[in-house]
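Colleague: Fold the stuff below for me.
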Amino acid sequence: MKKYRIGQIVPSSNVTMETEIPAIFRSRETILPERFTFHSSRMRMKKVTKEELEAMDAMSLKCAQELSDAHVDVMGYACLVAIMSMGRGYHCVSEVNLHQETVANDFPTPIVTSAGALINGLKVLGAKKVAIITPYMRPLTDLVVDYIEHQGFEVVDSIALEIPDNLEVAAQDPMNLLDIYKRLNLEGVDVLVASACVQMPSLEAIDLIEKEIGIPVTSAAVCTTYEMMKKLGIEAKSTIGGALLSGKY
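Modeller: Here you go, the predicted model:
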């Protein structure tokens with residue numbers, strides 16, 4: 001039985017990634033032998049604004065150093081909009097910079113950003129047209145839409161719940177997504193991203209929505225977990241979390 005250490009670089013007000021990602025890994029533990037522990041380092045951020053996100057991102061390198069001291073086996077940057085608000089393709093820049101910090105600390109570590117993981121997850125699912133739900137203000141949601149479209153996908157429709165306070169985002173009931181998604185235009189959509197935000201809970205709703213609409217449903221948290229498993233070189237599988245981790249599609 002091999003044990004892995006999962007590291008996360010987390011906004012200081014984020015309380016969801018340290019629940020949803022472990023939940024998916026724990027689900028995997030019920031069907032496969034590997035075991036996991038979870039370790040975090042935090043960047044200050046309370047309000048989801050472009051200014052706070054930029055200031056927070058500057059702290060990510062220090063967090064990478066701290067997690068590298070713990071010799072984690074994979075490291076995830078757990079804030080999608082912080083990356084996407086920094087400009088098109090920035091997840092590639094961030095992943096290189098964070099990896100270099102681990103190299104300099106004599107423990108080279110695979111890096112996952114939730115932004116890059118969502119893009120890779122959509123590719124794995126064969127998506128061409130997608131719809132997304134975000135908790136962000138509309139200008140930030142528009143940046144996310146532009147970022148995803150620059151990566152080669154068409155965002156047919158998007159919902160911005162316009163919640164600026166990050167703790168309020170975490171307090172949302174994931175089951176509300178069963179009604180929220182019905183406001184989207186899903187005509188021709190290949191994949192629904194039920195939460196394009198790693199702070200907005202969605203895990204309990206993903207499989208239920210997928211059953212209702214009959215197309216793959218995913219989230220930033222699910223894609224991040226999937227990418228972490230791939231970086232670890234282990235089978236990306238779980239009993240919860242939608243099509244990406246169940247292999248139904």
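
Colleague: so for the longest helix along the chain, what's the average pLDDT?
Modeller: Longest helix in the chain by number of residues (criterion: DSSP state H): helix 90-104. What helix 90-104 shows for mean pLDDT is 95.

Colleague: From the chain's centroid, how far away is that helix?
Modeller: 17 Å (CA atoms, centre = their mean, to the nearest Å).

Colleague: tell me what that helix is packed against?
Modeller: For helix 90-104, the packing partners by 3 or more CB pairs under 8 Å, 6 or more residues apart in numbering; DSSP states H and E come out as helix 60-69, strand 74-77, helix 80-84, strand 111-113, helix 114-124. The C-beta positions use only the backbone N, C-alpha and C, and glycine is treated the same way.

Colleague: what's the average pLDDT for the last one?
Modeller: If I follow you right, that is helix 114-124. Per-residue scores along helix 114-124 average to 96.

Colleague: same check, this time on the first one
Modeller: With pLDDT averaged residue by residue, helix 60-69 scores 95.

Colleague: what angle separates that helix from helix 90-104?
Modeller: 40 degrees (axes from the mean of the first three to the mean of the last three CA atoms, to 10 degrees).

Colleague: wait, isn't V72 in contact with S40?
Modeller: No - with contacts counted by CB atoms under 8 Å, V72 stays clear of S40, the gap being 9.9 Å.

Colleague: residues contacting the residue positioned nearest the centre of the chain?
Modeller: Residue closest to the average C-alpha location in the chain (CA atoms, centre = their mean): A220, at 2.9 Å. Contacts for A220 (CB atoms under 8 Å, 6 or more residues apart in numbering) come out as L80, S114, A115, A117, L118, V193, S195, A196, C197, V198.

Colleague: Mind putting the helices and strands packed on helix 90-104 into TSV with mean neighbour count and distance to I234?
Modeller: Below are the helices and strands packed on helix 90-104 laid out as TSV (neighbours: other CB atoms under 10 Å; distance: least, CB to CB, whole Å):
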stretch	mean neighbour count	distance to I234
helix 60-69	20	19
strand 74-77	28	10
helix 80-84	28	23
strand 111-113	28	14
helix 114-124	25	16
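
Colleague: Quickly list what's touching both of V72 and S40.
Modeller: G7.

Colleague: Which of the two has more residues huddled nearby?
Modeller: V72 (25 against 19; other CB atoms under 10 Å).

Colleague: hey, where'd the strands end up in the protein?
Modeller: 3-11, 35-43, 74-77, 111-113, 129-134, 154-160, 191-195, 217-219 (DSSP state E).

Colleague: that older thread, next, the residues that contact the longest helix of the chain from outside, please.
Modeller: Counting by CB under 8 Å, 6+ apart, 9, 57, 60-61, 64-65, 68, 75, 77, 83-84, 86, 108-113, 115-116, 119 sit against helix 90-104.

Colleague: tell me how far the worst-scoring helix or strand of the chain on mean pLDDT is from the chain's mean position?
Modeller: Least confident element among the helices and strands of the chain, by mean pLDDT, DSSP states H and E: helix 50-57 (a mean of 80). From the chain centre to the centre of helix 50-57 is a distance of 18 Å (CA atoms, centre = their mean).
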